[in-house]
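Engineer: Below is the structure, and that's it, no one-letter string:
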C-alpha cells in the first residue's frame, strides 16, 4: 500500500479554520470554524442548506474553498482532490451509497483500494477479506450482490470499506437516514466503541438529536452557512440545539387533532404490484382508511412502499387486486381523481408531480387547467386566471418564488413541495396520499406541511401517509402499519405502539 | 461419394459457413460496443467506424502488401474515431447518442471520400485456415475454410468475459458504467475510463471493418457495410451486455443472414428475399419475447443514457 502519513498507527484530529465557500454571489459557507479533536465522536448539526455538506466536501477535496485552511493532525494541508484526503487517512461515508449495486460486496471492497492489482486473484482476496471481517465488529455477506442486501447491510458495508482502507478519520453524512432505529443504534454503537477504543475519530452530519445525545461527544451547529454554536453534548439539551439550528424563524403551528372518524373512504383489496425488474414488490395488501383519519405506513425504503404509492397515483399498473374509493372501483383516471377529490403528495415532487421547465403558475394549475375559470370550452386557456390563482396560492402557502412565471425547477426543494401542496390541498380534499412529503426539507417547510396534512384530516379527508421517518409517522398518524417485503406485517393504533416493536417488524423479525 | 451429392445437407452447411463469415464483423463491433457500453456510454458511431476501418484496411493493405498492417491501421483509425466520440462527450451537456449519429455520418462520408481511388485496385486479402482438408466434398471444404479474424474474435469473447470479472480494468469499466458517483468517490476519472473504453471499442470495430474489405466480401465499395455497424450495436442490447452472449448472438445473426443465399443455392428461387430478412425478423422476435413494458432491461449498465 502507498505511504499514509496518518493512517494505520493512531487517531488524529481535523480542523477547519475560517472556511468560506462562495458559489457566485451566494455564500454557502461564511468563515466557519470546526475543530474535531482526535479520538472523539463529533456531530455536525444544521438544517438542509445550512452548509454541512459543503463544509465536509471542502475538507474532502471535492470543492476548493474560496478561503480558509484545513489542519490535519495540527499540520496545515492542501487537499486538492479526494485522493489527497484519502492519502491523509480521511474517509467519507456518503448519504447516498457509493457501492456499485450490480457487483458483489467483495468486488466493491477490493475495487475501492488504491492498489487494485491488474489481475485480481479472487481466491486470495477472499481469504484476506474474510480474515479482515473476522476482526471487525460487524459482518456482511461477501459474495452477495450489493443490490440484494438490505440498506442496513449496505451502510455497514460502506463503513467497513473505509476501515478496510485503513482510514482513521471518518466523515459520515447522515448515515442512519435509511436504517431502522435498531440498525442505527447498532451501527453507531459499534462506531462509538471504536472511537472509545482509540481506533477512530468521527465527524457525523445529522439532524437527529437523539443520535447526537446518545453517541456524540461534541457538536458544531451551522445555520445558513455560518457557525451558530458549538459545545460539549453533555452540557446541551435537544431544545438548545434546535433553537440554535432554527434561529428566530417562526414555525407554522399544527392544528390539534379534531373531528370524527367517518365511513371507509379508501380501500385496498389484495393489491399486488411488480417492481421495475419484474419481481413482486407489493404482495396482496389490504387496508381500509376512513375519512378523518391518517394511516401511516412505516418501513425501511425498498420494501414496496414506492410501488404501492405509484399504483395509487396511476404511475404503475396493478398486477392484481382492487382499489375502491367511497365504494367505487378506482383506476386512477383523471375523471375519477376529480370525482373523488384525490390528492397526491409524492416523494421527489419535482420529478413525480411537476414539470420542471414549466412555470410555477402552470404547475399549480395542473389539476384544473382544462376547466373554468382557467379554460373556456376546454380549449382556450385564460392565462390571467392562471396567474391570479397562482398569486393567491403563492401568498397563502408562502411559496418563495420571484414571479408566478418562474420555472418550477428554479425553486428550492421546500418551495417545490409548497407549490405541490398548494395545488393538491388548495381545494376540498377527500383522499390524500402522501409519500415522504418532508424528505430533505427544512424545519419551516416541515412544520407547514405537517400542519396542512393534519388540517386536511380534520376537514374529513382519508389520509395515507407513507414515510421513512418514524417521528413524523408517530406525530401525525392515527393508525400505524409496518410494511416489510411488500406486505403489511404489523398494525396498531398510534397511541398504543411500541417503538422497539415497530423497529423489529421493520427489520422483518 | 459424388461431388455435390449431399442434397439438402447443403443448406445447413452453407448456413454454418455463412454464419462464420457473416458473423465476424458483428462479433468485433458488438464486443467493442460491449466494452464501451459497460463503461456507461453508447457509441452509435460504430457504423462510421466500421466503414472507415474497411476503407483504411483496404488502403494500407494495398499500399503495403500486408493485410495484417491493414488490420492494424483499421484498428488505429477506429480508436481515433472512438477518441473523437469520447472527447466530444466529455464536454458538459453533450448527448452521446446524438454525437454517435453525427459520427456515423461523418465516418461513412469520410470513408467514401478518401476511398474513391480504392474502388479499382485489388489489395492483399486476409488468410483463412483450411479445416476441411479431410473431406473431398467441395461444400464441406468451403464451409470449413475459417478466417483467422473469426478465430481471434471467438477467443476474445471469453477473454473479455474473464477480464470484466477479474482485472482491474474490468472492474473500473463496470464501476464507471454502473455508478459514476461511486467511481468518482473512489477518486477515478470517469471521463478517462470512458475515453479508454470508447477507444478500445473503436479499435475492435475498426478491425471488424477490415474483415469486410479484406476477407468477405473482400473488396472496397460504398455499399460494403449496409448498416452492419448499427445492427451490431443493437446486438449488444440483445446480448444483455455479456461478451459470451455477444458471440452467440453474432453467430445466430450470421446464420440467419446466410439462410437466404443457402436456400437460393439449392434452387429455391421464390421468396428468398423474405429469407434475406430472416436476421431482422429473428432480432425483432427475440426482442418482443424478452422485453416487457413493465420491466427494465436486466443487465443494463445503470449509467447508460438509454436506461437512465
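Structural biologist: Structure's in. What do you need? It should be emphasised that the depicted structure is a prediction, and the values quoted were computed from it without experimental measurement.

Engineer: residues in contact with the residue nearest the centre of chain A?
Structural biologist: Central residue of chain A (C-alpha atoms, centre = their mean): residue A:439, 4.8 Å from the mean position. By C-beta atoms under 8 Å, 6 or more residues apart in numbering or on different chains, the contact set of residue A:439 is A:347, A:348, A:468, A:469. In short, each C-beta sits where N, CA and C put it, glycine included.

Engineer: is it true that the last one touches residue A:437?
Structural biologist: No - between residue A:469 and residue A:437 no contact is recorded; they are 9.7 Å apart, counting by C-beta atoms under 8 Å.

Engineer: Pick out whichever of these two has more residues nearby.
Structural biologist: Set residue A:469 next to residue A:437 and count neighbours by other C-beta atoms under 10 Å in any protein chain shown: residue A:437 wins out with 28 against 17.

Engineer: Contacts only, for the more buried one.
Structural biologist: Residue A:437 touches A:345, A:347, A:417, A:449, A:453, A:465, A:467, counting by C-beta under 8 Å, 6+ apart.

Engineer: Contact residues of the stretch 101-250 of chain A facing chain B?
Structural biologist: Residues of the stretch 101-250 of chain A lying close to chain B by C-beta under 8 Å from any C-beta of the partner chain are A:101-103, A:107, A:110-112, A:114, A:116-120, A:122.

Engineer: picking that back up, what's the closest of the contacts of residue A:439 to residue B:68?
Structural biologist: Relative to residue B:68, the closest of the contacts of residue A:439 is residue A:348; by C-beta to C-beta it sits at 55.2 Å.

Engineer: Tell me how many other residues surround that closest one.
Structural biologist: Neighbours around residue A:348, by other C-beta under 10 Å: 16.

Engineer: In the stretch 101-250 of chain B, where is pLDDT below threshold?
Structural biologist: Nowhere does the stretch 101-250 of chain B drop to pLDDT under 70.

Engineer: Would you confirm that residue A:209 contacts residue A:244?
Structural biologist: No - using C-beta under 8 Å, residue A:209 makes no contact with residue A:244, being 11.3 Å away.

Engineer: any idea which element the closest residue to chain B within the stretch 351-500 of chain A lies in?
Structural biologist: Of all residues in the stretch 351-500 of chain A, the one sitting closest to chain B is residue A:351 (12.6 Å; C-beta to the nearest C-beta). Element membership for residue A:351 (DSSP states H and E) is helix A:349-352.

Engineer: what's that helix packed up against?
Structural biologist: helix A:413-425 (3 or more C-beta pairs under 8 Å, 6 or more residues apart in numbering or on different chains; DSSP states H and E).

Engineer: elements contacting the helix it packs on?
Structural biologist: Going by 3+ C-beta pairs under 8 Å, 6+ apart, helix A:413-425 lies up against strand A:342-345, helix A:349-352, helix A:360-364, helix A:383-396, helix A:443-458.

Engineer: how about TSV for these, with mean neighbour count added?
Structural biologist: Converted to TSV, these look like this (neighbours: other C-beta atoms under 10 Å in any protein chain shown):
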stretch	mean neighbour count
strand A:342-345	25
helix A:349-352	17
helix A:360-364	25
helix A:383-396	17
helix A:443-458	21
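
Engineer: okay if I get the ones you listed as JSON lines plus mean pLDDT?
Structural biologist: Shown next, in JSON lines, are these (pLDDT from 0 to 100):
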{"stretch": "strand A:342-345", "mean pLDDT": "94"}
{"stretch": "helix A:349-352", "mean pLDDT": "89"}
{"stretch": "helix A:360-364", "mean pLDDT": "94"}
{"stretch": "helix A:383-396", "mean pLDDT": "93"}
{"stretch": "helix A:443-458", "mean pLDDT": "92"}
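
Engineer: With distance to residue B:17 added, can I get these in JSON lines?
Structural biologist: Output for the helices and strands packed on helix A:413-425, formatted as JSON lines (distance: least, C-beta to C-beta, whole Å):
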{"stretch": "strand A:342-345", "distance to residue B:17": "61"}
{"stretch": "helix A:349-352", "distance to residue B:17": "53"}
{"stretch": "helix A:360-364", "distance to residue B:17": "62"}
{"stretch": "helix A:383-396", "distance to residue B:17": "69"}
{"stretch": "helix A:443-458", "distance to residue B:17": "70"}
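
Engineer: between the ones you listed, which one is nearest to residue B:161?
Structural biologist: helix A:349-352 (36.4 Å).
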